[in-house]
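# Below are the sequence and a predicted model; questions follow.
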Amino acid sequence: MAVLNQTKELGPTGLLFRAIPKRSVPGNPKIGEPLTFEVSRKATDVNDAYIVVGTRKDLASGNNAVLWIQMDKLSHAMGKPRNCGSCHDSSAQVGKSEWSFFEDRDVTKPFAGSYTIVADNNGIRFTDVRWEQPSLAPNRKLEDFAPFAVLPATAWDVAGINFAIPYNKKRTDAARDELGRFLAELEKKGDSSKTAELRMIAYHNLAMAKKMLKTMK
């Protein structure tokens, strides 16, 4: 992300977090969650974070731009969920993000793009950055609203922060095998709304799914 037309310079901040006041939120018992969650996060353990990368002054227009990375935990809330291996098969985190942009003062029609994010013990990097050729509105230049198109590909990269996920291959493989055995046993019950429910629960709470299977007729 970037904010243009800056009059003051903002330097790199490192990884920053937002505190969340204590609150109660509803759970989903149908997938093995409790009725409610009590949520309270200090500034050091919240789900959402950001990094101010710094101020760029090298746009051709002479415009100053503050670059930052916004990291919001979407989990399974939007779109198709990530598979288990995307988080549990490596200490590195790799994901693809797709976007679409339209602002009629900047372009005459929407255009889309994507990039791949790699976060590991060496920091965070953006690779395979792609976008469609935009149709510019009158008197607009690409750098006026899409600095990623004219800045170096590494402009948003951040080093010096360890994003690696603790990874225990032996434990992960054992858990996956246990889940696989349960799902194989469930398949023997045939297809029904109940087995579909248990299959969903198993990915979130295997112990609960096992208890429910024992009582299933």
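Structure received.
# Would you mind confirming that Phe102 makes contact with Glu132?
No. Counting by CB atoms under 8 Å, Phe102 stays clear of Glu132, with 11.7 Å between them. Where you see a C-beta, it was placed from the backbone N, CA and C, and this is true even at glycine.
# what's Ala149 in contact with, if anything?
Ala149 makes contacts with 131, 142-143, as judged by CB atoms under 8 Å, 6 or more residues apart in numbering.
# now do Val150
So Val150 contacts 59-60, 142-143 (CB under 8 Å, 6+ apart).
# Buried ones among those residues?
59, 142-143 (16 or more other CB atoms under 10 Å).
# about what we covered before: specify which member of the contacts of Ala149 is nearest to Asn205.
Distance ranking of the contacts of Ala149 against Asn205, using CB to CB, places Trp131 first at 40.7 Å.
# quick one, phi psi at that closest one?
Backbone torsions for Trp131, taken as degrees, to the nearest 10, come to phi -160, psi 150.
# Would you confirm that it contacts Ser100?
No. Shown here, Trp131 and Ser100 do not form a contact pair, counting by CB under 8 Å, at 10.1 Å.
# So between those two, which is more surrounded?
The neighbour comparison of Trp131 against Ser100 (other CB atoms under 10 Å) goes to Trp131, with 16 against 10.
# Okay, and the beta partners of the more buried one?
Applying DSSP bridges to Trp131 gives these bridge partners: Gly113.
# and it, how far is that from Pro138?
Shown here: Trp131 relative to Pro138, a distance of 21 Å by CB to CB, to the nearest Å.
# If you count neighbours, what's buried in the longest helix along the chain?
In the chain, taking DSSP state H as the definition, the longest helix is helix 169-187. Applying a neighbour-count criterion of 16+ other CB under 10 Å, the buried positions in helix 169-187 are 172, 182-183, 186.
# again with stretch 186-202
Those would be 186, 195, 198, 201-202, for stretch 186-202 by 16+ other CB under 10 Å.
# Just to be sure, which of these are found in helices?
186, 195, 198, 201-202.
# Model confidence at the residue nearest to Asp89 when sequence neighbours are not counted, what's the number?
Sequence neighbours aside, Thr172 is the residue nearest to Asp89 in space, at 7.1 Å (criterion: CB to CB, 6 or more residues apart in numbering). Turning to Thr172, the model gives it a pLDDT of 87.
# and if you look at Asp128?
pLDDT, Asp128: 93.
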